[in-house]
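Enquirer: Provided below for reference: sequence and predicted model.
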Amino acid sequence: MHVPHARRLLALPARSSDGQQLGRTGAVYVPEGQRQPLLVALPLERAAPWVVPLFGARLDADGLVLDYPAETIVKGPTVDADAPLSLGEVAAVLAHYRPAVAELVRGLPLTRRAPEGGDVGAGFVHRIPVVPGIGDDDLPPIVIASPGVTGTPQ
């Protein structure tokens, strides 16, 4: 996955894999020391938005398409969109969608939070602790492109 700027995912309309509109993304979470976002929180208007991993997500002409059905998302974890997430909170989100992830953080300090810093902590793009075993290469193949532009010269 190569998203040049995590901010490009902010305020995008999002929908579930079964086509349900979920609202606009309100926060994007990037693991510390990595460039690619791992989680998004939505809808923007909710005080306690759902948090969803970007595994299998894609962008199309209408916005962000998450790789989970609406029923799974609305039953998932919620967070305070303004607060940075701890390793335990990130693990709980990931475990809801991929139960095997809980094993990746066994024995680690679950209250650890990544320090916010630079421009990443502003504008609702937050740094989160790294989850062992999940790196930039494991994240979804999201490509930012202009819909309708093929890239072939005229």
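Expert: Received the coordinates, thanks.

Enquirer: looking at the chain, which helix or strand is least sure?
Expert: Least confident helix or strand of the chain, by mean pLDDT, DSSP states H and E, is strand 125-128 with a mean of 80.

Enquirer: The residue positioned nearest the centre of the chain: what's its closest spatial neighbour, skipping adjacent residues?
Expert: In the chain, the centroid-proximal residue (CA atoms, centre = their mean) is residue 39; its distance is 1.7 Å. In this structure, residue 39 finds its nearest non-sequential neighbour in residue 29, 4.0 Å apart by CB to CB, 6 or more residues apart in numbering. The C-beta positions use only the backbone N, C-alpha and C, and glycine is treated the same way.

Enquirer: Now do the one you found, the pLDDT please.
Expert: We have a pLDDT of 91 for residue 29.

Enquirer: now do residue 26
Expert: pLDDT, residue 26: 90.

Enquirer: Also residue 32?
Expert: With respect to pLDDT, residue 32 has a value of 88.

Enquirer: is it true that it touches residue 130?
Expert: Yes - the pair residue 32 / residue 130 is scored as a contact, 5.9 Å apart, by CB atoms under 8 Å.

Enquirer: shared neighbours of those two, which are they?
Expert: residue 114 (CB atoms under 8 Å, 6 or more residues apart in numbering).

Enquirer: which one of those two has more residues nearby?
Expert: Comparing residue 32 with residue 130 by other CB atoms under 10 Å, the one with more neighbours is residue 130, at 18 against 14.

Enquirer: and that one, that's in a strand?
Expert: No - the assignment for residue 130 (DSSP: H, G, I helix; E, B strand; the rest coil) gives coil, which keeps it out of a strand.

Enquirer: Can you tell me how far it is from residue 62?
Expert: 32 Å (CB to CB, to the nearest Å).
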